[in-house]
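*Asks:* the following block contains a protein sequence and its predicted model.
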Amino acid sequence: MNIQVNLTENDNKLKGDIHGEIDAHTAPVLREKLEAYQAQEGLNAELDLSGVDYMDSTGLGVFVAFYKSINAKGGHLKLTGLSSRLKRLFDITGLGDIMDIEAAVGKGGN
Amino acid sequence: MPQHIEAQYQEILNEYVKKQTEQNLYVGQNFSRQLILENISPEEVISMHKAAIRELYSDLPDVVWHSFDFLIEMMINYGLALQERQSLLKRQEELKVEMDLAANVQETLLKTKLPSLDGLDIGLLSIPAKKMNGDYIYFVSDYDGYAGVAVADVIGKGLPAALCMSMIKFGMDSLNSSHALPKDVLGVINRIVEKSVDDSMFVSMFYANYDAGAASLTYGSAGHEPAILYRANTGEFDELEAKGLLLGVSPAAVYEEHSVTLEKGDMVIMMTDGVTEGRTEEGFIEREVIYKLIEQKKEQPAQAIVQHVYDELERMQNAELQDDFTLVVYKKV
């Protein structure tokens, strides 16, 4: 039950990587860190999730909220390094069709 | 400070100073509990101590009395912190009462009636992980041979989630028909939820409509865990997938729908992610495990099947389910 979120922003480009588990306990930490950037106009964000071993629907909610707010401000969010389990979560929820996501290369499930 | 407490304290202190036994300390410990119950602050305890020492040993040097006065000053903020804690405890108690009330309202408001149709056996189990259930089940049936069922999971818990569910319920009631098609039901509720819910709250929902006359099930999904189809003649399990975005993300979302015809002994198993996202010490519980549990009881009534799946999954997770658990079985009989 822990999470590590590293974010750096330069010239309206937000780069970040997330490690650990994103569930009801840790999602507020992630939400708070992302909220600091969501009001920016035209933000280009790319978050690497290859260090995320587990994510539940609460975690998904955090990304959708961030996606919606930066999209409304003309920005773009890309999520990379999704494990097959995470990829499935995005696909089932239909978010995989509207969000820019990229599965990890050669990374198995679980 | 009541006088009898001061007198009692002096006596206990005197006994301890004279003998210093475990027994004396024990009496002191019990007495301090009584002081807490009577809301006596730390600075008052030190004042009482100072007064008692003055009675017992009046000839101590001034430096001792001054030091007590200083200590009393030091303790005043601790006394305030204690008061704050007590008022927080009281507030927490009040909130708990409000939560109980809200849970009751949720239960009453969201009550649903199991449809009764010829040739269809329905099993249902919905167990919240905490007091308020984030999963929602609603049946629509008006005795004309159709049974609609919505299985929804509100992302975001507690009171806001419960309020969100009443929106789903009223969305379905406004359609007022057990014939309504899944793509229409999901479309209507999507527009309601999208307008009224904040950005981090979403709903996944599976909607299925069973037509008993044709033994056919029409279903659609808004970002929900696929339902499972069990075929009795082959013994095979399959996922009922249907494309569709979570409710409340985009007003433009459109929903697919598909149909399957059920034969005798076939089952459709609908659930929330509390069933499929279970974890044990060895890792995630795979879907095959759930298939196996269903197969073990496939000859039994639908309610016995859902109970068996719940019991076994709970046992695998040491009776600690992390998420709300909801399972519905439609079994063609």
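*Replies:* Arrived safely, thanks for sending. Numbers count the residues shown, from 1 in each chain, chains lettered A, B, ... in the order given.

*Asks:* nearest to chain A: which residue in the stretch 1-150 of chain B?
*Replies:* Relative to chain A, the nearest point of the stretch 1-150 of chain B is B:G134 (9.0 Å; C-beta to the nearest C-beta). (C-beta placed from N, C-alpha, C; glycine too.)

*Asks:* okay but that residue is in contact with B:L159, surely?
*Replies:* No. Proximity of B:G134 to B:L159 does not meet the contact threshold set by C-beta atoms under 8 Å, at 11.0 Å.

*Asks:* so for those two, which sits in the more crowded spot?
*Replies:* Taking other C-beta atoms under 10 Å in any protein chain shown, B:G134 and B:L159 do not tie; B:G134 has more neighbours (27 against 14).

*Asks:* and the more buried one, how far is that from B:E239?
*Replies:* Distance of B:G134 to B:E239, computed by C-beta to C-beta, to the nearest Å: 23 Å.

*Asks:* check A:H25 too.
*Replies:* For A:H25, the distance to B:E239 - C-beta to C-beta - is 30 Å.

*Asks:* can you check A:K33 too?
*Replies:* According to C-beta to C-beta, A:K33 stands 35 Å off from B:E239.

*Asks:* quick one, which of these two is more surrounded?
*Replies:* More neighbours surround A:K33 than the other of A:K33 and B:E239, with 17 against 11 (other C-beta under 10 Å).

*Asks:* name the helices or strands packed onto the helix or strand harbouring B:D153?
*Replies:* Using DSSP states H and E, B:D153 maps to strand B:146-155. Applying 3 or more C-beta pairs under 8 Å, 6 or more residues apart in numbering or on different chains; DSSP states H and E, one finds that strand B:146-155 contacts helix A:57-72, strand B:135-140, helix B:158-175, strand B:202-211, strand B:267-271, strand B:325-332.

*Asks:* can you list the strands that it pairs with?
*Replies:* Applying DSSP bridges, strand B:146-155 is found paired with strand B:135-140 (antiparallel), strand B:202-211 (antiparallel).

*Asks:* would you mind finding the most buried of those?
*Replies:* strand B:202-211 (a mean of 27; mean count of other C-beta atoms under 10 Å in any protein chain shown).

*Asks:* show me the helices in chain B, by range?
*Replies:* Under the criterion DSSP state H, chain B contains helices at B:3-19, B:22-37, B:42-56, B:62-109, B:158-175, B:182-196, B:273-276, B:287-296, B:302-316.

*Asks:* how about these in CSV, adding mean pLDDT and distance to chain A?
*Replies:* Output for the helices of chain B, formatted as CSV (pLDDT from 0 to 100; distance: least, C-beta to the nearest C-beta, whole Å):
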stretch, mean pLDDT, distance to chain A
helix B:3-19, 93, 45
helix B:22-37, 93, 32
helix B:42-56, 94, 35
helix B:62-109, 90, 17
helix B:158-175, 79, 11
helix B:182-196, 89, 10
helix B:273-276, 80, 6
helix B:287-296, 91, 11
helix B:302-316, 92, 16
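
*Asks:* residues from chain A in reach of chain B?
*Replies:* By C-beta under 8 Å from any C-beta of the partner chain, the part of chain A that sits against chain B consists of A:23-24, A:31, A:54, A:56-58, A:60-62, A:64-65, A:68-69, A:85, A:92-95, A:97-98, A:110.

*Asks:* got a PyMOL select line for the buried ones in those residues?
*Replies:* The buried residues among the residues of chain A next to chain B can be selected in PyMOL (16 or more other C-beta atoms under 10 Å in any protein chain shown) with this line:
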select buried, chain A and resi 23+24+31+54+56+57+58+60+61+62+64+65+68+69+85+92+93+94+95+98
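
*Asks:* how far is the strand holding B:D153 from where the chain is centred?
*Replies:* On the basis of C-alpha atoms, centre = their mean, to the nearest Å, strand B:146-155 sits 18 Å off its chain's mean C-alpha point.

*Asks:* angle of that strand against strand B:325-332?
*Replies:* Here the directions of strand B:146-155 and strand B:325-332 differ by 160 degrees (axes from the mean of the first three to the mean of the last three C-alpha atoms, to 10 degrees).

*Asks:* report the central residue of chain B.
*Replies:* B:K130 (2.1 Å; C-alpha atoms, centre = their mean).

*Asks:* repeat for chain A
*Replies:* A:F63 (4.9 Å).

*Asks:* just to revisit the earlier point, let me know which of the helices and strands packed on strand B:146-155 is the nearest to B:L101.
*Replies:* Taking C-beta to C-beta, helix B:158-175 is the member of these nearest to B:L101, at 10.8 Å.

*Asks:* which residues touch B:K50?
*Replies:* If you count contacts by C-beta atoms under 8 Å, 6 or more residues apart in numbering or on different chains, B:K50 has them with B:W65, B:F68, B:D69, B:I72.

*Asks:* find the closest residue to chain A in the stretch 51-200 of chain B.
*Replies:* Counting by C-beta to the nearest C-beta, the stretch 51-200 of chain B gets nearest to chain A through B:S200 (3.8 Å).

*Asks:* now do the contacts for the closest residue to B:R191 other than its chain neighbours.
*Replies:* Counting by C-beta to C-beta, 6 or more residues apart in numbering or on different chains, B:P251 is the residue found nearest to B:R191 once chain neighbours are left out, at 5.9 Å. Counting by C-beta under 8 Å, 6+ apart, B:P251 touches B:N190, B:R191, B:E194, B:K195.

*Asks:* and B:G220, how far from chain A?
*Replies:* As judged by C-beta to the nearest C-beta, to the nearest Å, B:G220 and chain A stand 11 Å apart.

*Asks:* how many neighbouring residues does that residue have?
*Replies:* B:G220 has 25 neighbours, counted by other C-beta under 10 Å.

*Asks:* could you do B:K332 as well?
*Replies:* Using other C-beta under 10 Å: B:K332 sits among 19 other residues.
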